[in-house]
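K.L.:
Predicted structure and sequence below. I'll ask about it afterward.
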Amino acid sequence: MKGVAKGIPSISDVDSHALVAWLRAHAEPAYRAKQIRRHAMHGAASEFEELSDLPKTLREKLAASFRWSAVELEREEASADGETRKALLRLADGHHIESVLMPHHGARNAVCVSTQAGCPMACAFCATGEMGLVRNLTAGEIVDQVRYWQRELAPRGERVSHVVYMGMGEPLNNYDASLSAARTLIDPNGFGISPRRVTISTCGVVPKIDELAQEGLPINLAVSLHAPDDRTRTAIMPINRKWGVEEVLAASARYVKRTKRRVTFEYVMLAGVNDSDAAARELAEKIGRHGRKADAHLNLIPYNPGPGGFRRPSAERMERFAKVLQDAGIAATLRISKGQDIAAGCGQLKVSEGKAAATT
Ligand code: SAH
């Protein structure tokens, strides 16, 4: 983005409507809008200048009015697992976020996007929570994380196949931008990712779960539950004071009823905190009481080294916990996050402001 002034919008923050208006104001035909957006979302180009099927004058006018990307690479790290990659990305105002690419044997390429720089939710076990909220991201800044990875994959003839809103921030606290980005991601004229491959994860902002259920978007919802009872959940997730376990489960059941989609519950396994057989049984009972057990899926995430002085339970304990749930009729899967060696696992994303250094 050499020479592009601060304050210029990114092309992905400009919707089709605004782009058509801009084209009209610059005496360019409206049909260019589709072409520009297709290039911006799908292509491997890294600046307007490379869009060789657009007239040079139009490319110059675009470059003077818009930034090609709202995020720029500061540093990338690759995990020793040979697949997971993490990018530290710089925003136009100098703040930083992280975004993770999680390829899976060439069969899928999932991107984990951030929706906020930092996060206000302060979950006790989460590194991002330690940062506090820096600011909300724009829709373009969310979409441009996917575009960044898409540009990396394009030369290999691969595409981003899945997007999970599980990076830094609480998506439902930045609702409009998160939804607007999701619409661009699933728009056939935008990114064209199947809505069934887009997942929004929330720590349980109940009114916004209900709002999301009304959007008519067949995307997936993941809910970070982490405890079956209010006492434990409040101790590790301050948001639970506002919306307790029963309210979160009830909202999740309403989401399932309204959208006909399954809900995934995430459950970070913390030794001696939420990993007992009794906790598993209570969890199964409550999930069953609020909805059909068959509609729920539980992802057990072993605690990744982070704040709070927690410990990961033993493998036997976690397997036993999963078994109690499965015996009670709940589909539960134990998932080890990849990329822990580069602090790219769940809850490990963190940026220290001013230093542009990812601390681990
Ligand atoms: N704010 C949203 C999006 C974050 S998703 C949400 O809370 O769902 C990131 C997931 O990683 C959440 O389920 C979060 O609770 C989990 N997580 C946070 N810290 C973690 C840690 N140290 N180990 C494992 N998972 C963690």
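P.N.:
Received the coordinates, thanks.
K.L.:
buried residues in stretch 329-342?
P.N.:
Neighbour-count burial for stretch 329-342 flags 330-332, 334, 337-340, 342 (criterion: 16 or more other C-beta atoms under 10 Å). For every residue, glycine as well, the C-beta is placed using N, CA and C.
K.L.:
Regarding residue 65, what are the backbone dihedral angles?
P.N.:
The phi/psi pair for residue 65 (degrees, to the nearest 10) reads phi -100, psi -30.
K.L.:
I meant to write residue 78 there.
P.N.:
According to degrees, to the nearest 10, residue 78 has phi -120, psi 140.
K.L.:
That one - nearest residue in space that isn't next to it in sequence?
P.N.:
residue 85 (5.0 Å; C-beta to C-beta, 6 or more residues apart in numbering).
K.L.:
was I right about the one you found contacting residue 79?
P.N.:
Yes: using C-beta atoms under 8 Å, residue 85 is in contact with residue 79, at 7.1 Å.
K.L.:
Give the residues shared as contacts by the two.
P.N.:
Common contacts of residue 85 and residue 79 (C-beta atoms under 8 Å, 6 or more residues apart in numbering): 339, 344.
K.L.:
Can you give me the neighbour number for the closest residue to the ligand within the chain?
P.N.:
Of all residues in the chain, residue 347 sits closest to the ligand, at 1.8 Å by C-beta to the nearest ligand atom. Per other C-beta atoms under 10 Å, the neighbour tally for residue 347 reads 23.
K.L.:
Likewise for residue 58?
P.N.:
Neighbours of residue 58 using other C-beta under 10 Å come to 18.
K.L.:
Repeat that for the one 10 residues further on.
P.N.:
A count of nearby residues for residue 68, using other C-beta under 10 Å, gives 23.
K.L.:
that older thread, residues touching the residue nearest to residue 78, list them.
P.N.:
Going by C-beta under 8 Å, 6+ apart, the list of residues near residue 85 reads 76-79, 100-101, 152, 339, 344.
K.L.:
any chance of those in JSON lines, plus distance to the ligand, secondary structure and pLDDT?
P.N.:
As requested, the contacts of residue 85 are exported to JSON lines (distance: C-beta to the nearest ligand atom, whole Å; DSSP: H, G, I helix; E, B strand; the rest coil; pLDDT from 0 to 100):
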{"residue": "76", "distance to the ligand": "21", "secondary structure": "strand", "pLDDT": "96"}
{"residue": "77", "distance to the ligand": "18", "secondary structure": "strand", "pLDDT": "96"}
{"residue": "78", "distance to the ligand": "21", "secondary structure": "strand", "pLDDT": "95"}
{"residue": "79", "distance to the ligand": "16", "secondary structure": "coil", "pLDDT": "95"}
{"residue": "100", "distance to the ligand": "11", "secondary structure": "strand", "pLDDT": "97"}
{"residue": "101", "distance to the ligand": "16", "secondary structure": "strand", "pLDDT": "97"}
{"residue": "152", "distance to the ligand": "22", "secondary structure": "helix", "pLDDT": "93"}
{"residue": "339", "distance to the ligand": "12", "secondary structure": "coil", "pLDDT": "89"}
{"residue": "344", "distance to the ligand": "12", "secondary structure": "coil", "pLDDT": "89"}
